[in-house]
Structures are given as structure tokens and as C-alpha cells.
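J.: no sequence on hand, only this structure:
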């Protein structure tokens, strides 16, 4: 299989998850909720998602690898 370029690939689907000061939900749950909403707004099936990237200053102790697995 030949690798394809990422040139021109983008999803822009503004998503807002309501703020909660205290929550028992994990970072996995919050990121999954935002991702689910974004895919729904963009009209993309979860199975069509080819990649995942996370950046956060407050993600610890969770890791991007753990989030991807969940």
C-alpha cells in the first residue's frame, strides 16, 4: 500500500462541550464526547476516522496512547 499525503486534509467542525467545574468523568470520556460531537457535525462515521491527535496541558495522568486505545 502506497502512503498518501496529508496535504489538503482537514476537519473543521466547531464543537462545544459544556463546562463542569467538578466531574467524576475521566479525560477519556470528555475527549470522546467532543470527538463524537465533532464527527456528528461533520457527517463522518467513526469508522472513517483515520487518525487522532491530542494536545493538552492538563491531560496528566492520561496519555494520548491511552486515549486512543479507549
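T.: Everything's here; your move. The structure presented is a predicted model; accordingly, all values stated were derived computationally and were not measured. Numbers count the residues shown, from 1 in each chain.

J.: by mean pLDDT, flag the weakest helix or strand of this protein.
T.: helix 64-69 (a mean of 68; mean pLDDT, DSSP states H and E).

J.: list the contacts of the closest residue in space to residue 45 that isn't next to it in sequence.
T.: Among residues not flanking residue 45 along the chain, residue 39 sits closest, at 7.4 Å (C-beta to C-beta, 6 or more residues apart in numbering). For glycine as for every other residue, the C-beta is placed from the backbone atoms N, C-alpha and C. When contacts are counted by C-beta atoms under 8 Å, 6 or more residues apart in numbering, residue 39 touches 13, 45, 46, 49.

J.: if I look at residue 39, how far off is residue 6?
T.: 18 Å (C-beta to C-beta, to the nearest Å).

J.: what score does the residue nearest to residue 45 have for pLDDT?
T.: In this model, residue 39 is scored at 87, pLDDT.

J.: that one and residue 22, how far apart?
T.: Taken as C-beta to C-beta, the span from residue 39 to residue 22 is 27 Å.

J.: residue 28 too?
T.: Counting by C-beta to C-beta, the gap from residue 28 to residue 22 is 17 Å.

J.: which one of these two has more residues nearby?
T.: Counted by other C-beta atoms under 10 Å, residue 28 and residue 22 do not tie: residue 28 has more neighbours, with 14 against 4.

J.: host element of the more buried one?
T.: In this structure, residue 28 sits in helix 27-42 according to DSSP states H and E.

J.: give me the below-cutoff pLDDT ranges for this protein.
T.: For the chain, applying pLDDT under 70 flags the ranges 10-12, 54-60, 62, 64, 67-70.

J.: grab the most central residue of it for me.
T.: For the chain, residue 35 is the residue whose C-alpha lies nearest the centre (C-alpha atoms, centre = their mean; 4.1 Å).

J.: next up, the contacts around that one.
T.: Residue 35 neighbours (C-beta under 8 Å, 6+ apart): residue 52.

J.: how near is it to residue 14?
T.: 13 Å.

J.: again with residue 3
T.: On the measure of C-beta to C-beta, residue 3 and residue 14 end up 30 Å apart.

J.: what do you get for residue 6?
T.: Per C-beta to C-beta, residue 6 is found 21 Å from residue 14.
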